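S.K.: I'll drop the sequence and a predicted model, then ask my questions.
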Amino acid sequence: MRPIPSRIDAHGEAFATNRAAYELRLATLRERLQVVLDGGPGRARSIERHLARGKLMVRDRIDCVIDAGTAFLELSTLSGFGQYDDGAPGAGIVTGIGVVHGVPWMFIANDATVKGGSLLPVSIKKHVRAQDIALENGLGVIYLVDSGGAFLPMQDEVFPDKDHFGGSFYRQARLSAAGLPQMSVVLGGCTAGGAYVPALCDEVIMVEGIGRIFLGGPPIVKAALGEVVEPDELGGAVLHTRTSGVSDHLAATEQEAYGRLRELCLATNQRRLGRGPGWLDVAEPEPPLHPAEEIYGILSADDRIPFDVHEVIARLVDGSRFSPFKPEWGTSMVCGFARIWGHLVGVIANQGIIFNQEALKSTHMIELCEQRRIPLLFLQNTSGYMVGRDSEARGIAKDGAKMVSAVANATVPKYTVLIGGSYGAGNYGMCGRGFNPRFLFAWPNSRIATMAANTAQTVLVDIRLAGLKGEGTTDEEIEALRREVAHQYETQSDPYYATSRLWDDGLIDPAQTRDALGLCLALAARQDAPARGPGLVYRM
């Protein structure tokens, strides 16, 4: 593979303008992340009460478990952003991947300072997404439980449906059936349905004085049976460890519990990072030739101005080396092979609209990777598939369908990063959320919607005016309608709107993308090779 020659002038005016604009985006991202890490606005009293009980904050708990000096890949940190009157920072739950004794684990940890650890609709969505990631990537799960169970005022949105609270228990059972260990430390309440989280685990540690498990808490017992009972008497750590057997280990303090948990993890017989069966081609990693921070100056400050995706790839892949596939054909789609932290990947990256040639080229690339068992990396920046008389006559719908089918049927690990626009069916063909990439990350400049706001103005306004059949609509009313549509699409395509609703697995700094993808690929490398798909959909 040859290095990509960079043609960027890092000292030029355009680069400086782009970088300054992007650093403002990053400042906003860091500010909003810090709000979540600090506990969110108006949470001081709740945090104070939590600490007064001798409890650790949720991220400090995770730090006590993972190997010293190792990173924790937190997922969907900004979930819940802008929802619930900004009263649910991080959706009240922390999920992510950490390493214990060299083995990667999925962590699902309640934040009891947010609505007492009760689970909102977005909390449950985040919980089950973490379990789905664990199952696909062969990860055991560690639950740090401090929860009041489902948020009862919204019970119709958290209790009965397929991916509601019951779906988390279903997934937990399926994870165990797949031989993936489920471990829990009970650090607070486990009430009603929440009691099944530890009960479904392989091993349970309860912390004396703060950990409690009961299907019905003292208020429910009093209402149903007329009994008045103290919480520890009803479901405390001593009761469940020495009498009921619901808990397997008793710890006097949180710190003791985490030490015991690390001890238990040693006996789970899980594959360590770097010690997999070797089905992926892995070489010695080498850093890119160009600094990742230069991406800030490459991405255009004006979303309407395109940028060269080769320059982005050169700052993500090992040695900036890239072996292009069909570089002279379908040039608005860049395809080729590279390595990220030593792992061989097939890259499919947009440079704008997807035309017929680009759709066929991508389909061919996907099937080569499927045939060769090479993971796929999609870098999305597209306004979608080409429309118009000529494209329809050339069969863009059929060619696009071939690409979509190839993505859907690929069995190799798939990873997606939204590096720009993600509009229309281009989102699907480039392995958007609906096509189940193992991980999907987004950059702070990304946008996702059926179409861009300026296009939506024209389309929706024309449709509405046609429906009115010329009933005397004034220019002022038309302009007001345009503003309304533009505002709706600008708001709903904003990356923070998307990440709040878990349309991605987290907004990340472009400079950190290589490291995040490196961990994701390392998870796949420690698994057995996935079974092949049903066969080739299309060949050039």
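M.R.: Perfect, I can see it now. Numbering: from 1, shown residues only.

S.K.: how about low-confidence regions in the stretch 251-400 of the chain?
M.R.: Scanning the stretch 251-400 of the chain for pLDDT under 70 picks out 275-276.

S.K.: for it, what spans make up the strands?
M.R.: With DSSP state E, counting those that start in this stretch, the ranges of strands along the stretch 251-400 of the chain come out as 321-324, 333-340, 343-350, 376-382.

S.K.: how about the helices in the stretch 351-500 of the chain?
M.R.: Per DSSP state H, counting those that start in this stretch, the stretch 351-500 of the chain carries helices over the ranges 356-372, 389-394, 396-409, 426-429, 453-468, 475-492, 495-500.

S.K.: quick revisit: Throw the strands of the stretch 251-400 of the chain into TSV and include distance to residue 53 and mean neighbour count, thanks.
M.R.: Quick note: C-beta positions are derived from backbone N, CA and C, even for glycine. Below are the strands of the stretch 251-400 of the chain laid out as TSV (distance: least, Cβ to Cβ, whole Å; neighbours: other Cβ atoms under 10 Å):
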stretch	distance to residue 53	mean neighbour count
strand 321-324	54	18
strand 333-340	44	23
strand 343-350	44	25
strand 376-382	45	25
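
S.K.: State the next helix or strand along the chain beyond the longest helix seen in the chain.
M.R.: Determined from DSSP state H, the single longest helix within the chain is helix 13-37. Heading C-terminal from helix 13-37, the first helix or strand you meet, by DSSP states H and E, is helix 44-52.

S.K.: Could you look up the next helix or strand downstream of that following helix?
M.R.: Remark: after helix 44-52, the chain's next helix or strand is helix 58-65, criterion DSSP H and E.

S.K.: Against which helices or strands is that next one packed?
M.R.: If you count contacts as 3 or more Cβ pairs under 8 Å, 6 or more residues apart in numbering; DSSP states H and E, helix 58-65 packs onto strand 93-100, strand 103-110, strand 140-147, helix 254-265.

S.K.: if we compare those, which one ends up closest to residue 312?
M.R.: strand 93-100 (24.4 Å; Cβ to Cβ).

S.K.: Can I get that closest one in CSV, CA atoms only?
M.R.: Output of strand 93-100 as CSV, limited to C-alpha atoms (Å, rounded to 0.1, in the frame of the first residue of the first chain):
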residue,chain,number,x,y,z
ILE,A,93,-27.0,5.7,32.8
VAL,A,94,-23.3,5.2,31.8
THR,A,95,-22.5,2.5,29.2
GLY,A,96,-19.2,1.7,27.6
ILE,A,97,-16.3,-0.7,27.1
GLY,A,98,-13.5,-1.1,29.7
VAL,A,99,-10.7,-3.6,30.2
VAL,A,100,-10.4,-5.8,33.3
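
S.K.: related to what we said a few turns ago, quick one: which of the strands of the stretch 251-400 of the chain is nearest residue 179?
M.R.: That would be, of the strands of the stretch 251-400 of the chain and by Cβ to Cβ, strand 343-350, which comes in at 24.4 Å.

S.K.: Report all helices and strands that that closest one contacts.
M.R.: Counting contacts by 3+ Cβ pairs under 8 Å, 6+ apart, strand 343-350 packs against helix 309-313, strand 333-340, helix 356-372, strand 376-382, strand 414-423, helix 513-525.

S.K.: Quick check: residue 9 is in a strand.
M.R.: No - looking at residue 9 with DSSP: H, G, I helix; E, B strand; the rest coil, it is coil, so not inside a strand.

S.K.: isn't it right up against residue 18?
M.R.: No - when contacts are counted by Cβ atoms under 8 Å, residue 9 is not listed as touching residue 18 (11.3 Å).

S.K.: So for the two, which sits in the more crowded spot?
M.R.: Shown here are residue 9 and residue 18; by other Cβ atoms under 10 Å, residue 18 has more neighbours (22 against 11).

S.K.: Spit out the contact partners of that one.
M.R.: Contact analysis of residue 18 by Cβ atoms under 8 Å, 6 or more residues apart in numbering lists 296, 297, 298, 299, 300, 301.

S.K.: picking that back up, mean confidence for the longest helix of the chain?
M.R.: Average pLDDT, helix 13-37: 97.

S.K.: for it, the distance to its chain's centre please.
M.R.: 21 Å (Cα atoms, centre = their mean, to the nearest Å).

S.K.: Show me which residues of it are buried.
M.R.: Neighbour-count burial for helix 13-37 flags 15, 18, 19, 21, 22, 25, 26, 29, 32, 33, 35, 36 (criterion: 16 or more other Cβ atoms under 10 Å).

S.K.: separation between the fifth one and residue 29?
M.R.: Using Cβ to Cβ, to the nearest Å, one gets 10 Å for the distance from residue 22 to residue 29.

S.K.: so what sits against both of these two?
M.R.: residue 444.

S.K.: picking that back up, turn the helices and strands packed on strand 343-350 into TSV, columns for distance to residue 226.
M.R.: Listed next are the helices and strands packed on strand 343-350 as TSV, based on distance: least, Cβ to Cβ, whole Å:
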stretch	distance to residue 226
helix 309-313	67
strand 333-340	63
helix 356-372	64
strand 376-382	60
strand 414-423	56
helix 513-525	52
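
S.K.: closest to residue 499 out of these?
M.R.: Among the helices and strands packed on strand 343-350, strand 414-423 comes nearest to residue 499, with 10.1 Å by Cβ to Cβ.

S.K.: Relative to that closest one, what are the paired strands and their orientations?
M.R.: Paired with strand 414-423 in the same sheet, following DSSP bridges, are strand 376-382 (parallel), strand 439-442 (parallel), strand 447-449 (parallel).

S.K.: Can you say which of those strands is nearest to residue 94?
M.R.: Nearest to residue 94 among the strands paired with strand 414-423 is strand 439-442; the distance by Cβ to Cβ comes to 16.9 Å.

S.K.: tell me the mean pLDDT for that closest one?
M.R.: 98.

S.K.: quick one: contacts of that strand?
M.R.: Contacts for strand 439-442 (Cβ under 8 Å, 6+ apart): 133, 415-418, 431-433, 448, 495, 498-499, 503-508, 513, 516-517, 520.

S.K.: In three-state terms, label residue 179 for me.
M.R.: Judged by three-state DSSP, the three-state class of residue 179 is coil.

S.K.: about what we covered before: the strands of the stretch 251-400 of the chain into TSV, with extra columns for distance to residue 251?
M.R.: Listed next are these as TSV, based on distance: least, Cβ to Cβ, whole Å:
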stretch	distance to residue 251
strand 321-324	50
strand 333-340	40
strand 343-350	39
strand 376-382	42
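
S.K.: out of the ones you listed, which comes closest to residue 282?
M.R.: Nearest to residue 282 among those is strand 343-350 (5.6 Å), distances taken as Cβ to Cβ.

S.K.: Mind listing residues that contact that closest one?
M.R.: 280-283, 309, 312-313, 317, 322, 332-339, 362, 365-366, 368-369, 374-382, 415, 419-420, 426, 430, 518, 521-522, 525.

S.K.: Just the angle for it relative to strand 414-423, thanks.
M.R.: 10 degrees (axes from the mean of the first three to the mean of the last three Cα atoms, to 10 degrees).

S.K.: Okay, the residue lying farthest from the centre of the chain and residue 271: tell me how far apart.
M.R.: Distance from the C-alpha centroid of the chain peaks at residue 472, with 48.1 Å (Cα atoms, centre = their mean). For residue 472, the distance to residue 271 (Cβ to Cβ) stands at 71 Å.

S.K.: cool, residue 245 as well?
M.R.: Distance, residue 245 to residue 271, using Cβ to Cβ: 31 Å.
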